[in-house]
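Visitor: No letters, just coordinates:
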DNA sequence: ACTTGACTCTCTCATTATGTGAGAGTTCAT
DNA sequence: ATGAACTCTCACATAATGAGAGAGTCAAGT
């Protein structure tokens, strides 16, 4: 019979943990004094504790350990648990490796630029988004800016539930002339009214698909500088082995008045995917 | 000005997290209504939030992110933080990889044996341990058992603060005849009395060194079966690429009466180290 | 039997970043 | 003014463990 302190020293498991295991019913002392509450352990409990420690060191949670240690599970079930754990670990390693790569990236950046960048590209998952929009092929991008401004005024009055403005670019290559784009505003999916522009055109509703990996960077300032954001994002993606795999979008998160175009906040978005590296191993 | 829900949708950061970042002072809304408590965000806060998200995705804690984002740290400090993170991640990957290996081991074991083993070897770090002991070179191991029993009785009376019995084997190869071992009992480091055996020999005190990696397995039963524990531990170590790098120990955690030798609980301990694999990469 | 020191008990709070829910208050469009 | 949608705070939960307070207990020596 060992008191908890001795048993802790022998088993190299902290007193706190032993008490915790007792509480959750995973590993109870051989005897607990009903009056003083003192826990007494016996040496022949050690194998079980060792099993617990061993299983825990595989990264299993105490709940899982409890399952494995308490019940006589069928081999199938046990194997299932380990297979699951195996794939979890595999995925985890991949994750951490990509984090590590990102950190190394960042370090190199610090070495060369001497500081952290102002604004950070991020990769997000975007859900579906309903929008009301107009699609057209326009000679110049300038016309898009004009359309945006007029649309903004109209929408602000006729559809107050509308959110940010959004543009989708269907051209795969950038071309200033005759580019094919769509311009609209985010709305709740329940939206069902018709919005008509001053020139008589109506905005039609449809749903932008969800995007698993959307590389995004926000840009503050008027449109003339926006290309800076684009190139920044392009470099960033290139360095990290991503490639663009869909239509770019711009989100107009804040649209200033005609004379406050510097306040504009635009988010540039590219759907991306990892360029598969030359396969090595599995 | 966005209310928290809209801002959450735009930034793809959950409302809960935004509130949390506000609470901890990492990212406060541009304006908080002093009467209603409503949080209002502006679009030009997005770059900062994106920086936060980006840094967080490197696995940095919010505290670390706050440091990086709030203060104008010197490049040196920033680089230091990233270097630290880098080495953390490297170590973490190694850890998880060895876990994965262990899980795969376990799976193979399940496939072949159809069940989890009774008793689990574990690798622990052991601290220093003071003992009172006798070292001798004895013709047979049998004599060790006898010595243990008589020592046990004496110690139990003369040194009640003594803990478990411990044997250390100084022979590198197992040899039944003329083996060199030490037999004693664990005591607190403050112990300072002399213990004398019935045959007049005295137990001398000294300190067993700490061991970084001690592979341990507990065995229940009398000494005749102990070799089973040894071979089990041996196989286990071999499979996992460990090798023995020091003197083996046995801990006598429970010593039964002469007629209850089946109740004995013994822990077999081998100091081990990883056999360095053929170097690949760093 | 009493003291003393080492030990143990329970209970509470803390960690990290986020989720969930209750109950009350607010906004905004009709 | 009403109702729907939204937001507020507060509290509790997660996983496993550490730390500390305050009270009680054990065991050895006087």
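Guide: Right, received. Where do you want to start? Remember, predicted model here, so these are calculated numbers, not experimental data.
Visitor: Just confirm yes or no for stretch A:87-98 near chain B.
Guide: Yes - Stretch A:87-98 lies within reach of chain B by CB under 8 Å from any CB of the partner chain, at A:89, A:90, A:92, A:93, A:96, A:97. Placement of C-beta: from N, CA and C, glycine included.
Visitor: In helices, which of these fall?
Guide: Counted as lying in helices by DSSP state H, out of those, are A:89, A:90, A:92, A:93, A:96, A:97.
Visitor: Using TSV, lay out these together with pLDDT.
Guide: What follows is those, written out as TSV (pLDDT from 0 to 100):
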residue	pLDDT
A:89	91
A:90	91
A:92	90
A:93	91
A:96	90
A:97	90
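Visitor: Close to DNA strand C: what parts of the stretch 51-200 of chain A are there?
Guide: A:160, A:161 (CB under 7 Å from any atom of the strand).
Visitor: In JSON lines: the residues of stretch A:87-98 next to chain B, plus neighbour count.
Guide: Listed next are these as JSON lines, based on neighbours: other CB atoms under 10 Å in any protein chain shown:
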{"residue": "A:89", "neighbour count": "20"}
{"residue": "A:90", "neighbour count": "15"}
{"residue": "A:92", "neighbour count": "16"}
{"residue": "A:93", "neighbour count": "16"}
{"residue": "A:96", "neighbour count": "19"}
{"residue": "A:97", "neighbour count": "14"}
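Visitor: ok, those vs residue B:259, which is closest?
Guide: residue A:89 (48.7 Å; CB to CB).
Visitor: What sits closest to that closest one if chain neighbours are left out?
Guide: residue B:100 (4.4 Å; CB to CB, 6 or more residues apart in numbering or on different chains).
Visitor: Quickly note the distance from the one you found to residue B:107.
Guide: As judged by CB to CB, to the nearest Å, residue B:100 and residue B:107 stand 11 Å apart.
Visitor: pretty sure residue A:135 is touching residue A:179, no?
Guide: No - under the criterion of CB atoms under 8 Å, residue A:135 makes no contact with residue A:179, lying 11.4 Å away.
Visitor: neighbour-wise, which of these two wins?
Guide: residue A:179 (19 against 13; other CB atoms under 10 Å in any protein chain shown).
Visitor: tell me the phi and psi of the more buried one?
Guide: phi -90, psi 150 (degrees, to the nearest 10).
Visitor: Quick check: bridge partners of it?
Guide: Counting by DSSP bridges, residue A:179 forms beta bridges with residue A:138.
Visitor: Next, the contact list for it, please.
Guide: A:137, A:138, A:141, A:169, A:171 (CB atoms under 8 Å, 6 or more residues apart in numbering or on different chains).
Visitor: Can you check what pLDDT the model gives it?
Guide: Listed pLDDT for residue A:179 reads 80.
Visitor: Mind telling me which residue of the stretch 51-200 of chain A is nearest DNA strand C?
Guide: residue A:160 (4.2 Å; CB to the nearest atom of the strand).
Visitor: Which secondary structure state does that residue sit in?
Guide: coil (DSSP: H, G, I helix; E, B strand; the rest coil).
Visitor: Show the residue spans covered by the helices in chain A.
Guide: Under DSSP H, chain A gives helices at A:4-11, A:15-23, A:46-56, A:62-70, A:75-113, A:142-158, A:226-239.
Visitor: would you turn the ones you listed into CSV with distance to DNA strand D?
Guide: CSV is the format used below for the helices of chain A (distance: least, CB to the nearest atom of the strand, whole Å):
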stretch, distance to DNA strand D
helix A:4-11, 10
helix A:15-23, 4
helix A:46-56, 7
helix A:62-70, 3
helix A:75-113, 12
helix A:142-158, 18
helix A:226-239, 27
